[in-house]
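Visitor: This is a predicted model, with the sequence first.
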Amino acid sequence: MDMSREALVVQRAREAFRTGRTRPLEFRKQQLRNLLKFVTERKSEIADALKKDLGKSEQSTELFETLGCEEEIHVALDHLCEWASPRPVERTLLTLQDQVFVQPQPLGLVLIIGAWNYPWAVTLQPLVGAIAAGNAAVIKPSELSCHSSEVMAELLPQYLDQDLYPVVPGGVAETQELLRQRWEHIFFTGSTSVGRQVMLAAGAHLTPVTLELGGKSPCYVHPDCDLSVACRRITWGKFVNCGQTCIAPDYVLCEPSVQDRVVEEIRKCIKEFYTENPQSFKDYGRIINQRHFQRIVGLMEGGAVAVGGDYDEKDRYISPTVMKDVSPDAKIMQEEIFGPVLPILPVRGVDDAIQFINDREKPLVIYVFTKDKKLIQRMISETSSGALLANDCLVHFTVSTLPFGGVGNSGMGSYKGKHTFDRLSHLRSCLIKSLSLEAVNRMRYPPHTHRKNHWARRLLLQVTLRRLRRFTLFSLLVGLAAFVVQRFLLRSA
Ligand code: NAD
């Protein structure tokens, strides 16, 4: 039977991986440096493609797509030796003489499936971790951002090892064919519904998955905060890339007493960021295609538009829009908006906001704007989401030490920096013993006796060591107390 094009690519990548050439760290570093060269040398091709796909300006492409990739590559280059080294773990009485460590090891073949909204960031950032961890990786960009996909398929192989890191363009059929192949990990960024299909397909080979999904991320604005700063940050987080951002604040919850001020502040910021006429302003993008355009316009139907609400079908343009007094039953509250429309829902206060959030699926991120540190702590302890960000929007994605990912319906697994390296490595447990000290092992060999079990118990549960530690701590405290009494209390008396 003839093999499909996708199966052939996978076979070639697997054969390349088996040659062992990804094992030396120097090889991985070289590939990372090549990737960095690609991102920096091909900036204009990447920006042109994104202009055609999403109307992004050259500057916003750099800020939101390529800078993050560059940063991830630099972090990986700086830390690769440390990440890939054996990680010693604490020893017990039974392993005192041994080497006990965790050895990160390449998994093998990784499939990276990307979404269209940040087509470069969501494919290249996981790729950095896949390369650093010593894997082969097949990249499947989204067919909806077709210009980016084309440029990626044409140019990336000019920089990276072509067999180890091929790009496979295509749509649903090609992705499904890729999903039928055997992988050691599938890294998927996209919608929750396709995420379910990916997980189902992965089950056939017991392949672990990372699912970077979306959902409705709430933003609670407390009346005590500086509303003009809060709304400026919310306006930026919501309308960048025309609201087509997985971590964009999906909706705002606030008390009725501040709703009108929130609307007015956002109106001011929209004008300040995107001028009176965002349609002709270079930094305001477009909706990816007609289907999404119709879907988003449909979500506005029947609601009270407080700001914007204009659209132009031929240009796939929807103005930055705010809706007020939105009901939880409104159409716009039934799905992830993924467009430049911000509904505001009045709530009675923080208790009501927490209940509202907890009544729904766990979001990718919860935003809270307040001066009250206790309120922020309450949000952290009484709600659940992939991330929680207080007093800003989106920027947690730029912190490479913070794992980025969802929980429940918003996804599973996380990445960024070392977290990607660990996610795409096998963290192998290694214990290296010597053949000496055989007497210690007698307690585990038959015949089993009470006396042997007594010793096994002492050693396994580290009874003596724990008592010793407690005793040492106690002695230290007594010594310290004696010192304080002698030095200060007796002297002053
Ligand atoms: P999508 O699920 O439609 O597509 C994602 C990928 O899956 C594409 O490469 C596509 O070709 C493929 N695909 C689509 N349908 C498929 C099918 N039936 N079988 C197999 N493969 C299929 O998602 P999208 O529209 O590209 O992206 C939007 C979604 O992605 C939003 O929900 C957004 O929140 C989410 N997202 C999440 C993150 C994150 O990091 N968590 C980042 C960006 C986007």
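Guide: Now that the structure is in, tell me what you want to look at.
Visitor: which SSE is the closest residue to the ligand within the stretch 1-150 of the chain in?
Guide: Residue of the stretch 1-150 of the chain nearest the ligand, by C-beta to the nearest ligand atom: Ala115 (3.4 Å). In short, each C-beta sits where N, CA and C put it, glycine included. Taking DSSP states H and E as the definition, Ala115 sits outside all helices and strands.
Visitor: contacting residues for it?
Guide: Counting by C-beta atoms under 8 Å, 6 or more residues apart in numbering, Ala115 touches Val122, Ser142, Thr189, Gly190, Ser191, Cys246.
Visitor: Can you redo those as a markdown table, where the extra columns are pLDDT, secondary structure and neighbour count?
Guide: Output for those, formatted as a markdown table (pLDDT from 0 to 100; DSSP: H, G, I helix; E, B strand; the rest coil; neighbours: other C-beta atoms under 10 Å):
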| residue | pLDDT | secondary structure | neighbour count |
| --- | --- | --- | --- |
| Val122 | 98 | helix | 24 |
| Ser142 | 98 | coil | 24 |
| Thr189 | 98 | strand | 28 |
| Gly190 | 97 | coil | 23 |
| Ser191 | 96 | coil | 16 |
| Cys246 | 97 | coil | 28 |
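Visitor: so which of those residues are also by the ligand?
Guide: Residues of the contacts of Ala115 in contact with the ligand (C-beta under 6 Å from any ligand atom): Val122, Ser142, Thr189, Gly190, Ser191, Cys246.
Visitor: gap between the first one and Leu80?
Guide: In other words, Val122. As judged by C-beta to C-beta, to the nearest Å, Val122 and Leu80 stand 22 Å apart.
Visitor: what does the second one give?
Guide: Ser142 sits 29 Å away from Leu80, taking C-beta to C-beta as the criterion.
Visitor: what's near enough to touch Ile73?
Guide: Counting by C-beta under 8 Å, 6+ apart, Ile73 touches Leu32, Arg33, Leu35, Leu36, Val39, Val128.
Visitor: Find the residue at the geometric middle of the chain.
Guide: With the centre of the chain defined as its mean C-alpha position, the nearest residue by C-alpha atoms, centre = their mean is Phe404, 2.6 Å away.
Visitor: Let me see the contact set for that residue.
Guide: Glu212, Gly386, Ala387, His396, Phe397, Ser414, Tyr415, Lys416, His419.
Visitor: which of the residues you listed lies closest to the ligand?
Guide: For the contacts of Phe404, the residue nearest the ligand by C-beta to the nearest ligand atom is Glu212; the value is 3.5 Å.
Visitor: I'd say the closest one and Cys246 touch.
Guide: Yes - counting by C-beta atoms under 8 Å, Cys246 is a contact partner of Glu212 at 7.5 Å.
Visitor: in the stretch 201-350 of the chain, what residue is nearest the ligand?
Guide: Going by C-beta to the nearest ligand atom, the ligand is nearest to Gly214 of the stretch 201-350 of the chain, at 2.0 Å.
Visitor: quick one: contacts for that residue?
Guide: Gly190, Ser191, Thr192, Cys246, Glu336, Phe338, Leu364, Ser410.
Visitor: which helix is the longest one in this structure?
Guide: helix 463-484 (DSSP state H).
Visitor: Return the distance of it from the chain's centre.
Guide: Taking C-alpha atoms, centre = their mean, to the nearest Å, one finds the center of helix 463-484 at 44 Å from the center of the full chain.
Visitor: what about Phe38, how many residues close to it?
Guide: For Phe38, the neighbour count with other C-beta atoms under 10 Å is 23.
Visitor: now do the one 5 residues further on
Guide: Using other C-beta under 10 Å, Lys43 is surrounded by 15 other residues.
Visitor: OK, contacts around it?
Guide: Lys43 touches Glu58, Thr61, Glu62, Thr66, counting by C-beta under 8 Å, 6+ apart.
Visitor: Where does the prediction get shaky in the stretch 151-300 of the chain?
Guide: The stretch 151-300 of the chain contains no residues with pLDDT under 70.
Visitor: Quick one: name the residues of it near the ligand.
Guide: Residues of the stretch 151-300 of the chain lying close to the ligand by C-beta under 6 Å from any ligand atom are 171-172, 175-176, 189-191, 194, 197, 212-214, 246.
Visitor: Now for those: which two are most distant?
Guide: Spanning the widest gap among those are Gln176 and Cys246, at 22.6 Å by C-beta to C-beta.
Visitor: what's the residue in the stretch 51-200 of the chain positioned nearest to the ligand sitting at in phi/psi?
Guide: Nearest to the ligand in the stretch 51-200 of the chain, going by C-beta to the nearest ligand atom, is Gly190, at a distance of 2.7 Å. Reported as degrees, to the nearest 10, the phi and psi values for Gly190 are phi 170, psi -150.
Visitor: Test my guess that it contacts Leu213.
Guide: Yes - Gly190 is in contact with Leu213 according to C-beta under 8 Å; the separation is 7.0 Å.
Visitor: Give me the neighbour count for Arg423.
Guide: Count around Arg423 with other C-beta under 10 Å applied: 24.
Visitor: which residues sit in contact with it?
Guide: Going by C-beta under 8 Å, 6+ apart, Arg423 touches Gly129, His185, Phe187, Thr210, Gly413, Ser414, Tyr415.
Visitor: And it, how close does it get to Ile432?
Guide: From Arg423 to Ile432 the distance is 26 Å (C-beta to C-beta).
Visitor: Equivalent analysis for Val10, please.
Guide: Val10 is 35 Å from Ile432, where distance means C-beta to C-beta.
Visitor: cool, Ile266 as well?
Guide: Distance of Ile266 to Ile432, given as C-beta to C-beta: 61 Å.
Visitor: So which of the two has more stuff around it?
Guide: The residue with more neighbours, out of Ile266 and Ile432, is Ile266; 26 against 9, by other C-beta under 10 Å.
Visitor: what sits against that one?
Guide: Applying C-beta under 8 Å, 6+ apart to Ile266 gives the contacts Cys231, Ile234, Thr235, Val307, Val322, Leu342.
Visitor: any idea which helix or strand carries it?
Guide: Using DSSP H and E, Ile266 sits in helix 256-274.
Visitor: Put the alpha carbons of that helix into PDB.
Guide: This file holds the C-alpha atoms of helix 256-274, laid out as PDB (Å, rounded to 0.1, in the frame of the first residue of the first chain):
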ATOM      1  CA  PRO A 256     -23.300  48.800  38.100                       C
ATOM      2  CA  SER A 257     -22.000  51.900  39.900                       C
ATOM      3  CA  VAL A 258     -18.700  51.900  37.800                       C
ATOM      4  CA  GLN A 259     -20.000  50.500  34.600                       C
ATOM      5  CA  ASP A 260     -20.500  53.800  32.800                       C
ATOM      6  CA  ARG A 261     -17.100  55.000  33.800                       C
ATOM      7  CA  VAL A 262     -15.500  51.800  32.600                       C
ATOM      8  CA  VAL A 263     -17.300  52.300  29.200                       C
ATOM      9  CA  GLU A 264     -16.100  55.900  29.000                       C
ATOM     10  CA  GLU A 265     -12.500  55.100  29.900                       C
ATOM     11  CA  ILE A 266     -12.400  52.300  27.300                       C
ATOM     12  CA  ARG A 267     -13.900  54.600  24.700                       C
ATOM     13  CA  LYS A 268     -11.100  57.200  25.400                       C
ATOM     14  CA  CYS A 269      -8.400  54.500  25.200                       C
ATOM     15  CA  ILE A 270      -9.800  53.100  21.900                       C
ATOM     16  CA  LYS A 271      -9.500  56.600  20.400                       C
ATOM     17  CA  GLU A 272      -6.100  57.100  21.800                       C
ATOM     18  CA  PHE A 273      -4.700  53.800  20.600                       C
ATOM     19  CA  TYR A 274      -6.500  53.400  17.200                       C
END
